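Q: Quick check, what structure comes out for this input:
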Amino acid sequence: MTVRAGILGATGAVGQRLIQLLEPHPDFEIATLTASDSSAGKPYREAAKWRVDTPIPDTVADATVTETDPDAVPDDVDLLFSSLPSSVGAAVEPGFCEAGYVVSSNSSNARMADDVPLIIPEVNADHLDLLEVQRDDRGWDGALVKNPNCSTITFVPTLAALAEFDLERVHVATLQAVSGAGYDGVTSMEIIDNAIPHIGSEEEKLETESKKLLGTFDGAELDLHGVDVSASCNRIPTLDGHLENVWVEASDDLTPEAAAEALEAYPSLDLPSSPEPLIHVFEDFERPQPRLDRTLGEGMAISVGGLQESTFGLQYNCLAHNTIRGAAGASVLNGELLLKNGYL
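A: Model prediction:
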C-alpha cells in the first residue's frame with residue numbers, strides 16, 4: 001500500500017527536509033505541497049529557496065504549490081505532514097482534522113493538549129490510542145498527532161532507557177545548533193564567535209513535554225510522569241545537531257556501567273525510519289560531537305557518551321540531529337506508526 005501524503009508548509013526548512021525524506025520512502029508518495037498565499041500557484045522550484053544538501057527531487061520541482069486550506073488538498077490524500085509555524089498550525093490544523101485528514105505535525109501548538117498524542121514511537125507508541133479519545137471528544141474524522149520539540153527528542157529516549165531505575169530528578173543543559181531556529185532565526189552577527197544562553201520558551205518545552213512522553217495512558221486518560229525536569233537552553237554556532245549535558249538522579253543505584261547496558265539494550269521499532277541501534281553509546285569521553293556523530297542511523301539515532309558518576313547522580317552527554325530525528329524525521333516516523341496501527 002502506498003500512502004498519498006501532503007506537506008503543509010513545504011517551502012520552509014523542515015518542509016524541505018520532509019521532501020528529502022519522503023521522496024525515496026517505501027510507503028509514502030508526495031501528492032500535494034502547500035505554503036503561504038504568496039507561494040501558492042508557483043512551481044515548487046520557484047516557491048522554495050532550496051537549502052537541503054541534496055537536489056530538489058524531479059518529482060517535486062515542477063509541482064504546483066497550493067494554499068494551506070483543506071479545500072485545496074485532494075480528497076485521496078491519506079496523511080498530511082505539518083511543518084507550519086506554531087501560530088499558523090494552531091489556526092489551520094484543526095480544520096484539516098475536521099475535514100477528515102490525519103495530520104502528523106512538527107509544529108509546537110497543542111503538544112500538551114490532553115487529547116493530542118505527543119509521540120516518540122520508540123518511547124510511547126501506546127499513547128497513539130489517545131486518538132480514539134480525541135475523535136470522540138472533538139467529533140473529528142481525521143486526527144492530530146504531534147512530535148516533540150527537537151531538544152526534547154534528544155534526551156527523552158535516554159530517560160526512557162533509564163526509567164527502570166526509578167527516575168526522580170533530571171537536569172539538562174542544551175547546546176543547540178542554529179538550524180533549530182530556522183534559516184533566518186539567528187543572524188551571523190549574533191552567533192559567530194558567540195553563544196546565546198537563552199532560547200525563548202525552550203526550557204518549558206523540555207520540562208513539560210518530557211513528563212508527557214514518559215507518562216502512562218490507561219485507555220482513557222494520560223497521567224504525566226512524576227520526574228522533576230529542569231532545563232537550561234543555549235544556542236551555539238554549530239549548523240546541525242543538538243548536544244545536551246544531562247544529570248539524572250534515581251531512587252535505585254544507577255552506575256555508569258548499568259546505564260550503558262540499559263541504553264545499549266533499549267529497542268528500536270520495526271518501522272522504516274527507526275534506526276538499529278536506537279541509542280549508540282560511546283566509550284570515548286570526547287564523543288558524541290555534532291559534526292562527527294549527528295548523522296548516525298541516517299540522522300535518526302541518539303548517541304550518548306561521557307557516562308560517569310557525579311554529585312547529582314549519573315552524568316552523560318547525548319546528541320541527535322535536530323532537523324532529522326528532531327523534526328522532519330520524527331514526523332515521518334509518526335506517520336509510519338499511524339500506518340502500522342491502522343489509522344490511515
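
Q: in the stretch 151-300 of the chain, which spans are helices?
A: Applying DSSP state H, counting those that start in this stretch to the stretch 151-300 of the chain gives helices spanning 188-191, 202-213, 256-265, 290-293.

Q: Which one of these lies nearest to residue 154?
A: When those are compared for distance to residue 154 using CB to CB, the nearest one is helix 202-213, at 9.2 Å. Heads up, the C-betas are built off the backbone N, CA and C, glycines and all.

Q: From the contact counts, what lies against that closest one?
A: For helix 202-213, the packing partners by 3 or more CB pairs under 8 Å, 6 or more residues apart in numbering; DSSP states H and E come out as helix 150-162, strand 167-176, strand 228-235.

Q: re earlier: for the helices of the stretch 151-300 of the chain, which one ends up most surrounded?
A: The highest average neighbour count among the helices of the stretch 151-300 of the chain, using mean count of other CB atoms under 10 Å, belongs to helix 202-213 at a mean of 21.

Q: Go ahead and produce CSV holding the CA coordinates of that one.
A: Extracted C-alpha coordinates of helix 202-213, given in CSV (Å, rounded to 0.1, in the frame of the first residue of the first chain):
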residue,chain,number,x,y,z
GLU,A,202,12.6,26.2,25.0
GLU,A,203,13.2,25.4,28.7
GLU,A,204,9.5,25.0,29.4
LYS,A,205,9.1,22.6,26.4
LEU,A,206,11.8,20.3,27.7
GLU,A,207,10.4,20.4,31.2
THR,A,208,6.8,19.7,30.3
GLU,A,209,7.0,17.6,27.1
SER,A,210,9.3,15.1,28.7
LYS,A,211,6.8,14.3,31.5
LYS,A,212,4.0,13.7,29.0
LEU,A,213,6.2,11.4,26.8
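
Q: Let me see the domain layout of this structure.
A: In terms of domains, the chain is parsed into 3-149+327-340, 150-321 (source: automatic domain parsing).

Q: Quick one: mean pLDDT over the first one.
A: If you average the pLDDT over domain 3-149+327-340, you get 97.

Q: contacting residues for the residue nearest to residue 341 when sequence neighbours are not counted?
A: Spatial nearest neighbour of residue 341, excluding adjacent residues (CB to CB, 6 or more residues apart in numbering): residue 128 at 5.8 Å. For residue 128, the contacting residues are 117, 119, 145, 337-338, 341, 343, by CB atoms under 8 Å, 6 or more residues apart in numbering.

Q: Averaged pLDDT, stretch 153-164. What do you get?
A: For stretch 153-164, mean pLDDT rounds to 98.

Q: Would you mark the buried spots in it?
A: Buried residues in stretch 153-164, counted by 16 or more other CB atoms under 10 Å: 153-163.

Q: what do you get for stretch 28-45?
A: 28, 30-36, 39-40, 44.

Q: Residues contacting it, please?
A: Taking CB under 8 Å, 6+ apart as the rule, stretch 28-45 contacts 2-11, 15, 19, 22-23, 47-48, 56, 59-69, 72-74, 76-77, 79, 332, 335.

Q: switch to 7 Å and redo it
A: For stretch 28-45, contacts defined as CB atoms under 7 Å, 6 or more residues apart in numbering pick out 2-11, 19, 22-23, 47, 56, 59-68, 72-74, 77, 335.

Q: Quick one: end-to-end length of that stretch, please.
A: 21 Å (CA to CA, to the nearest Å).

Q: just stretch 313-326 next, same as before
A: Stretch 313-326: ends 27 Å apart by CA to CA.

Q: I'd like to know which of the contacts of residue 128 are buried.
A: In the contacts of residue 128, the ones that pass as buried (16+ other CB under 10 Å) are 117, 119, 145, 337-338, 343.

Q: These: which two are farthest apart?
A: 119 and 343 (11.5 Å).

Q: Settle this for me: residue 159 is touching residue 214, isn't it.
A: Yes. With contact taken as CB atoms under 7 Å, residue 159 and residue 214 are classed as touching, separated by 6.3 Å.

Q: Residue 305 should be in a helix, yeah?
A: No. Assignment of residue 305 by DSSP: H, G, I helix; E, B strand; the rest coil gives strand, placing it outside any helix.

Q: coming back round to it: of the helices and strands packed on helix 202-213, give the one that comes closest to residue 222.
A: helix 150-162 (15.2 Å).

Q: relative to strand 228-235, how tilted is that closest one?
A: 140 degrees (axes from the mean of the first three to the mean of the last three CA atoms, to 10 degrees).

Q: Take the buried residues of stretch 28-45 and write them to JSON lines, including distance to residue 313 and secondary structure.
A: Putting the buried residues of stretch 28-45 into JSON lines (distance: CB to CB, whole Å; DSSP: H, G, I helix; E, B strand; the rest coil) gives the following:
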{"residue": "28", "distance to residue 313": "41", "secondary structure": "strand"}
{"residue": "30", "distance to residue 313": "46", "secondary structure": "strand"}
{"residue": "31", "distance to residue 313": "49", "secondary structure": "strand"}
{"residue": "32", "distance to residue 313": "49", "secondary structure": "strand"}
{"residue": "33", "distance to residue 313": "47", "secondary structure": "strand"}
{"residue": "34", "distance to residue 313": "46", "secondary structure": "strand"}
{"residue": "35", "distance to residue 313": "46", "secondary structure": "strand"}
{"residue": "36", "distance to residue 313": "47", "secondary structure": "coil"}
{"residue": "39", "distance to residue 313": "49", "secondary structure": "coil"}
{"residue": "40", "distance to residue 313": "52", "secondary structure": "coil"}
{"residue": "44", "distance to residue 313": "49", "secondary structure": "helix"}
